[in-house]
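Visitor: Sequence below, structure please.
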Amino acid sequence: MLVKDYSFKLSDFHIHHLDALLPEDALLMDIETTGFQAAYQNIYLIGLGFRKGETITLHLLYAPTLEAEESILKEYQSTLKEFQRLITFNGDMFDLPFIEKRCQKYKIESIQNTLVSTDLFKIAKKYKKYLNLEHYKQKDLEHYFGLFREDKFNGGELINLYKKQAIEPNVSETELLFLHNMEDVKGMVTLLQLLDFSLLKNNEYMVKTQFFDGEEIYFELEASSYSNLNIKYIGSFYYLQWKGNTLSGNLRPYIGKLKYFYKDYKNYVYIPDEDLLLPKALASTIEKSRIQKATKEQCFAEKDSVFLIDHANFSEQHFKEDFKAKETYMEIHPNELKERFLTEYITSLL
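Guide: Predicted coordinates:
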């Protein structure tokens, strides 16, 4: 077994609150294998990353021959005893089950499943509506955060190189294997910024500015926690931008006439020749031949006002364009929106 360490300072990454994103009880992990079938293919590199104070260490365990695989697996399991959390990229689907299978082969006791697992790939997919990427490979996400590697290979391309090294070691080519795995683990440090997506909902917001220009409601909210993310999200009636500790954007209300449909339509009658809707109690003096039972579609009141889509049932009184319309609206007074309503409404869009 060969071991190679790389050392970085927190300040090298230019990531706000990186110490909180990578606590000292968390271990980054990535493996390099000779294929995708754990039953008969090998792990030849296990890259680990951890923080102590202001220093991040990348600790690489390398099997120079296939026979050395057992030794790096034992060293990995021993290292796990010092940590409580395990951070991977697509590790839940690939790295962790692959390691389990290889440990079973050598009858090595595995404790990795006792650690709390965080899979950065799953987090990226969960928030893909904000990231809006074509692909979600690790390098694609690294590029999103402005990180570009020195290493130009992918894991599959290095398999033949490793097999060659296992027979005829070459220092410069072995360094390529180290570089790729090191940058996989280092890249995960950058991708820890994905964890800030949890702050979208789990934050307290205060209104800094809000105004209505007659067509749109503009706002700027200040968040209690700072985020590394800079995301823009466009919906059918809103625009949001979240950067640092500021959530800003605009809402586009519906301005005009909408209908409020009465739920108790059976208590109303309709007078066709006057296009008039009346409560039954007021229709007793009208000739019965002129009266029809009111239908659900006929039983409404119309209002000319300013409305917002009520996607989360903020109001008990809903307005629609017509009876069959799926979109429901609530009436608002855009120059008099209360701070609590505005912050709750905007964050409900996230």
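Visitor: I'd guessed residue 222 sits against residue 206; true?
Guide: Yes. Counting by C-beta atoms under 8 Å, residue 222 touches residue 206, with 4.9 Å between them. Using the backbone N, CA and C atoms, a C-beta is placed for each residue, glycine as well.
Visitor: quick one: which of the two has more around it?
Guide: Neighbours of residue 222 and residue 206, each counted by other C-beta atoms under 10 Å, are more numerous for residue 222; the result is 15 against 10.
Visitor: What strands flank the strand or helix carrying the more buried one, and is each parallel or antiparallel?
Guide: Assigned by DSSP states H and E, residue 222 falls within strand 217-234. According to DSSP bridges, strand 217-234 forms sheet pairs with strand 205-212 (antiparallel), strand 238-251 (antiparallel).
Visitor: List the buried residues of that strand.
Guide: Applying a neighbour-count criterion of 16 or more other C-beta atoms under 10 Å, the buried positions in strand 217-234 are 217, 219, 221, 223, 227, 228, 229, 231, 233.
Visitor: for stretch 124-134, same thing?
Guide: Buried-residue list, stretch 124-134, by 16+ other C-beta under 10 Å: 124, 127, 130, 131.
Visitor: Same question for stretch 296-311.
Guide: So for stretch 296-311, counting by 16+ other C-beta under 10 Å, buried means 298, 299, 300, 306, 307, 308, 309, 310.
Visitor: List the ones among the residues you listed that fall in strands.
Guide: Under the assignment DSSP state E, these contribute 300, 306, 307, 308, 309 to strands.
Visitor: any idea how far residue 222 lies from residue 198?
Guide: 18 Å (C-beta to C-beta, to the nearest Å).
Visitor: and residue 212, bridged to which residues?
Guide: In beta-bridge terms (that is, DSSP bridges), residue 212 pairs with residue 217.
Visitor: Give me the neighbour count for it.
Guide: If you count neighbours by other C-beta under 10 Å, residue 212 ends up with 19.
Visitor: contacting residues for it?
Guide: 218, 334, 335 (C-beta atoms under 8 Å, 6 or more residues apart in numbering).
Visitor: now, among those, which is nearest to residue 5?
Guide: The closest of the contacts of residue 212 to residue 5 turns out to be residue 218 (C-beta to C-beta; 51.3 Å).
Visitor: Just the buried positions in the lengthiest helix in the chain, please.
Guide: Using DSSP state H to define each element, the chain has its longest helix at helix 171-191. Across helix 171-191, burial judged by 16+ other C-beta under 10 Å covers 174, 176-191.
Visitor: I'd say residue 199 and residue 224 touch.
Guide: No. Taking C-beta under 8 Å as the definition, residue 199 is not a contact partner of residue 224, at 9.1 Å.
Visitor: what about this structure, any weak spots by pLDDT?
Guide: Under the criterion pLDDT under 70, no range of the chain is flagged.
Visitor: quick one, what contacts the residue most central in space within it?
Guide: Nearest to the geometric centre of the chain sits residue 127, at 2.5 Å (C-alpha atoms, centre = their mean). Contact analysis of residue 127 by C-beta under 8 Å, 6+ apart lists 194, 197.
Visitor: where's it relative to residue 194, distance?
Guide: The value you get for residue 127 to residue 194, if C-beta to C-beta is used, is 7 Å.
Visitor: Can you add distance to residue 284 and give the contacts of residue 212 back as CSV?
Guide: Conversion of the contacts of residue 212 to CSV gives the following (distance: C-beta to C-beta, whole Å):
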residue, distance to residue 284
218, 52
334, 42
335, 44
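Visitor: now the helices for the protein?
Guide: Under DSSP H, the chain gives helices at 18-21, 69-80, 96-106, 120-126, 128-131, 138-144, 158-167, 171-191, 339-348.
Visitor: picking up where we left off before, which of the ones in strands among the buried residues of stretch 296-311 sits closest to residue 290?
Guide: Nearest to residue 290, judged by C-beta to C-beta, of these is residue 300 at 20.3 Å.
Visitor: can you map out the strands along the stretch 251-350 of the chain?
Guide: Taking DSSP state E, counting those that start in this stretch as the test, the strands found in the stretch 251-350 of the chain are 254-261, 268-271, 276-279, 292-293, 300-309, 329-332.
Visitor: An error on my part: the question was meant for the stretch 1-150 of the chain.
Guide: Using DSSP E, counting those that start in this stretch, the strands of the stretch 1-150 of the chain run over 2-9, 26-33, 43-52, 55-62, 85-88, 116-119.
Visitor: how much space between the nearest residue to residue 295 once chain neighbours are set aside and residue 277?
Guide: Among residues not flanking residue 295 along the chain, residue 265 sits closest, at 6.9 Å (C-beta to C-beta, 6 or more residues apart in numbering). Computed with C-beta to C-beta, the distance linking residue 265 and residue 277 is 9 Å.
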